[in-house]
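1. predicted structure and sequence below. I'll ask about it afterward.
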Amino acid sequence: MMKTTERHRDETFVRQMFAAVADRYDLMNTLLTLNLDAYWRRRAVFHSGLQRGQIALDVCCGTGKLTLQLARKVGPEGSVVGVDFSSAMLARAQANLHGTPYLPVVQYLEANALHLPFPDHRFHCSTIGFGLRNVSDIAQTLKEMIRVTKPGGTIVILELAKPRLPILKQCYHLYANYWLPAIGNLGPQRHRLYQMVPESLKTLPEPEEICLLLRNLNLSAVRCRRLSGGLVAVYTGYKDPAPFSSVRTAT
Ligand SMILES: C[S@@+](CC[C@H](N)C(=O)[O-])C[C@H]1O[C@@H](n2cnc3c(N)ncnc32)[C@H](O)[C@@H]1O
């Protein structure tokens, strides 16, 4: 059900698309969301439960905006690894990192989310921000994030959603189906990313499905928090600290 062959999940296409938009990605996001994207990332980090000195992983880190928020949270005693398979997006991430106090805290790595190059139980928290729509296999990506997270650690997903309030729903329909693609048409192929948004939203599982998937992957205390009238959602779940704790000895 989750594995799709749509364009926005085709790895070659996704790489080309992000290579074409990398230099403008941050600016476009800020303009198109009226800077709400920064607030959404801060909320995701707030719900991560991360503490100073801990180690975090940011999958599909792109230009590193969420990675930097994580670095701020863990502080100079902690560390954060950002992973993406687009070298163009990682180059922007590296540029964004320079001039921040987080240079010693953050490390970027070119790798595929479906096969993370880390041992099991390495990170206190693994996040993915606005990346679930583009990976070729959602379940495999989440399995990898869970594998590399320490028992008791958190998985955090920040992703676009569809508003439920009728008035917001209509505004969003106009915005996603007409305004974003119109912006996409401004360049030859630079902003195909924004033409893709309505398409990618159609195939994104509903919040209930994402929560069910997280529970089926054995995460506990799974929660979905809708932000900004349901425009985006933050999903959290914990990797069970003691997988066999439900087995009790009869007394
Ligand atoms: C919409 S951007 C999100 C970037 C960033 N997390 C943010 O909050 O803005 C999605 C990113 O996912 C990356 N991506 C998509 N599929 C991937 C995969 N299988 N492995 C690694 N990165 C992937 C893309 O290269 C792109 O940088």
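-> That came through, no problem. All values reported here derive from a predicted model rather than from experimental measurement.

2. drop to CA atoms for contacts and neighbour counts, all remaining ones
-> OK.

3. close to the ligand: what parts of the stretch 101-250 of the chain are there?
-> 111-114, 129-131, 134-135 (CA under 6 Å from any ligand atom).

4. write the PyMOL selection for whichever of those residues are buried.
-> In PyMOL, this line selects whichever of those come out buried by 16 or more other CA atoms under 10 Å:
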select buried, resi 111+112+113+114+129+130+131+134+135
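
5. quick check: the farthest pair among the residues of the stretch 101-250 of the chain next to the ligand?
-> Pairwise distances across those (CA to CA) peak at 16.9 Å, for the pair 111 and 130.

6. per-residue confidence averaged over stretch 57-67?
-> For stretch 57-67, the mean pLDDT works out to 98.

7. let me fix that, I meant to ask about stretch 88-98.
-> 97.

8. next, the buried residues of it.
-> In stretch 88-98, counting by 16+ other CA under 10 Å, buried: 88-94, 96-97.

9. filter those by proximity to the ligand?
-> Okay, of those touching the ligand (CA under 6 Å from any ligand atom), that's residue 89.

10. now, which of the buried residues of stretch 88-98 sits nearest the ligand?
-> Using CA to the nearest ligand atom, the shortest approach to the ligand within those belongs to residue 89, at 5.5 Å.

11. now do the contacts for that closest one.
-> Listed by CA atoms under 8 Å, 6 or more residues apart in numbering, the contact set of residue 89 reads 18-19, 22-23, 62-63.

12. try it again with 6 Å
-> Going by CA atoms under 6 Å, 6 or more residues apart in numbering, residue 89 touches 22, 62-63.

13. same deal with residue 78?
-> Contacts of residue 78 were listed using CA under 6 Å, 6+ apart, and they are 53-55.

14. what residues are up against the residue nearest to it when sequence neighbours are not counted?
-> Leaving aside its sequence neighbours, residue 78 sits nearest to residue 53 (CA to CA, 6 or more residues apart in numbering; 3.7 Å). Listed by CA under 6 Å, 6+ apart, the contact partners of residue 53 are 74, 77-78.

15. on the three-state scheme, residue 53 is what?
-> When classified by DSSP: H, G, I helix; E, B strand; the rest coil, residue 53 comes out as coil.

16. what does it show for phi and psi?
-> The phi/psi pair for residue 53 (degrees, to the nearest 10) reads phi 90, psi 0.

17. gap between it and residue 100?
-> Counting by CA to CA, to the nearest Å, the gap from residue 53 to residue 100 is 18 Å.
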